[in-house]
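>>> Test case, fold it:
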Amino acid sequence: MESIDKKCTPLKREYDECFNKWYSEKFLDGKDTPSCTLVFQTYQKCLRQALKDQGLTKMIDDARPAIGSVFTDNDNQ
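Take a look at the predicted model:
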């Protein structure tokens, strides 16, 4: 599956691969220490920029209260 922006797709694939490996090889064996944090943060940064570039950030922020979301984007860099 592609990411919301083609330039983020390689990062998405890298994160998906890392997460799937961690989940199947570690988490299911009871080891819940995350091992994909850095690649997730890099992918997340790319997504935030893509959402901003496409003018979607404000729409998402405005929708959060309407759907009862408790998540906030504290990293507005």
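
>>> neighbours of Asp32, just the number please.
By other CB atoms under 10 Å, the residues close to Asp32 number 8. To be clear about C-beta, it is placed using only N, CA and C from the backbone, and glycine gets the same treatment.

>>> hmm, I was thinking of Tyr15
20.

>>> residues in contact with the residue in the chain sticking out farthest from the centre?
Taking CA atoms, centre = their mean, the residue of the chain most remote from its mean C-alpha position is Asp29, at 24.1 Å. By CB atoms under 8 Å, 6 or more residues apart in numbering, Asp29 lies in contact with nothing.

>>> what's the spacing between it and Tyr23?
According to CB to CB, to the nearest Å, Asp29 and Tyr23 sit 10 Å apart.

>>> Dead centre of the protein: give me the residue that sits there.
Gln44 (4.4 Å).

>>> In which helix or strand does that one reside?
helix 37-53 (DSSP states H and E).

>>> Tell me the buried residues in that helix?
By neighbour count with 16 or more other CB atoms under 10 Å, helix 37-53 contains the buried residues 39, 43, 46-48, 50-51.
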